[in-house]
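> pasting a predicted model and its sequence here:
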Amino acid sequence: MSVFDNATEHQALIDEAAETLRARIGTVPEVLVVAGSGLGGLTAKVQDAQSVSYEELKHFPQSTVVGHAGKLVWGKLGGKPAVVMSGRKHVYEGVDVRQTIVPLRALLRAGVKTVLLSNAAGSMNRFILPGDLMLITDHINFQFRAPLEGPNLSEMGPRFPDVSAPYDPGLCDLARQAALDLGVSLKEGVYVALTGPTYETQAEVGMYKQFADAVGMSTVPETLAAAHAGARVLAISAITNSHVQRKLAVTTHEEVIETGKQVGDAFCRLVEEIIRRA
């Protein structure tokens with residue numbers, strides 16, 4: 001039996017990770033940013049930065065993916081205390097989905113109240129192109145993995161959390177206004193999460209684009225875990241490739257990382273401004 005199938009042991013694991021964070025950081029900031037593939041440059045914007053490798057933090061799974069540094073950075077962003085997860089664990093790396101959200105749950109337990117998620121995603125909308133940022137207004141979980149399955153952790157949240165509006169409307173409005181004031185183009189759309197690690201076939205894209213605008217391999221488990229705990233959630237995709245702009249071209253991870261870096265400046269400016277106003 002997995003530790004995640006025993007509520008007492010599972011909660012103890014998260015609490016132990018949270019205590020490790022408090023011992024290392026002190027007062028854990030209320031704002032967390034999760035930087036996705038190619039977006040780790042945000043850590044360079046953190047003022048008075050301190051950092052620690054996931055390897056040094058109890059129960060933090062190590063990412064094996066290029067473009068995910070695997071470190072926690074804290075200091076000030078947008079003039080406010082914030083902590084940044086540079087990299088994350090994905091279910092396609094062969095782990096239980098509940099393990100992938102341990103770091104997030106530990107940070108929530110330690111004091112985080114607002115979660116800004118980001119990812120690299122492929123567009124399935126001809127009006128959303130590589131290099132764009134997309135505000136996620138809703139999602140569809142096609143990973144078919146439930147991060148909240150198993151015994152409920154009642155100290156984290158209710159057995160049946162409502163996720164009819166998982167992305168905080170107030171934060172979404174704030175992001176729209178911040179983007180407008182900065183002159184940063186911010187598209188909007190629905191994100192569909194798949195397990196990966198393969199990119200999508202043309203037939204799959206033909207199906208998914210009927211009800212979603214972008215596709216990726218992360219974010220939804222974290223959104224559900226944060227919503228379960230009552231945190232405010234905002235999510236932004238960096239569109240790194242298009243499935244409709246060039247139907248027969250090959251998508252590579254190198255392309256995803258490179259495009260993520262190119263959009264990084266706009267992403268950083270927008271995130272800093274959102275935090276400043278939040």
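Looks like it arrived, so ask away. Numbering: from 1, shown residues only.
> confirm that residue 24 sits in a helix.
Yes: counting by DSSP: H, G, I helix; E, B strand; the rest coil, residue 24 falls inside a helix.
> I'd guessed it sits against residue 52; true?
Yes: between residue 24 and residue 52 a contact is recorded at 5.7 Å, counting by CB atoms under 8 Å. Just so you know, the C-beta spots here come from the backbone N, C-alpha and C atoms, and that holds for glycine as well.
> which strands border the helix or strand harbouring residue 241, and is each parallel or antiparallel?
Using DSSP states H and E, the secondary-structure element containing residue 241 is strand 232-242. Taking DSSP bridges as the criterion, strand 232-242 forms sheet pairs with strand 114-123 (parallel), strand 133-141 (antiparallel).
> next one: the longest one to chain centre, how far?
Which is strand 114-123. Here the centre of strand 114-123 is set off from its chain's centre by 5 Å, with CA atoms, centre = their mean, to the nearest Å.
> residues touching the nearest residue to residue 263 once chain neighbours are set aside, list them.
Excluding the flanking residues, the one nearest residue 263 by CB to CB, 6 or more residues apart in numbering is residue 238, at 4.8 Å. Residue 238 makes contacts with 36, 38-39, 118-121, 133, 259-260, 263-264, 267, as judged by CB atoms under 8 Å, 6 or more residues apart in numbering.
> how about 10 Å then?
Applying CB atoms under 10 Å, 6 or more residues apart in numbering to residue 238 gives the contacts 35-39, 118-121, 130-134, 214, 216, 256, 259-264, 266-267.
> just the buried residues of these.
Buried subset of the contacts of residue 238 (neighbour count, 16 or more other CB atoms under 10 Å): 35-39, 118-121, 130, 132-134, 214, 216, 256, 259-261, 263-264, 266-267.
> show me the strands in the stretch 151-278 of the chain, by range?
Under the criterion DSSP state E, counting those that start in this stretch, the stretch 151-278 of the chain contains strands at 186-193, 214-216, 232-242.
> turn those into CSV, including distance to residue 82.
Putting the strands of the stretch 151-278 of the chain into CSV (distance: least, CB to CB, whole Å) gives the following:
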stretch, distance to residue 82
strand 186-193, 20
strand 214-216, 23
strand 232-242, 13
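> can I get those strands in CSV with distance to residue 142 and mean pLDDT?
CSV is the format used below for the strands of the stretch 151-278 of the chain (distance: least, CB to CB, whole Å; pLDDT from 0 to 100):
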stretch, distance to residue 142, mean pLDDT
strand 186-193, 5, 98
strand 214-216, 9, 97
strand 232-242, 15, 95
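> please consider this matter closed, and thank you.
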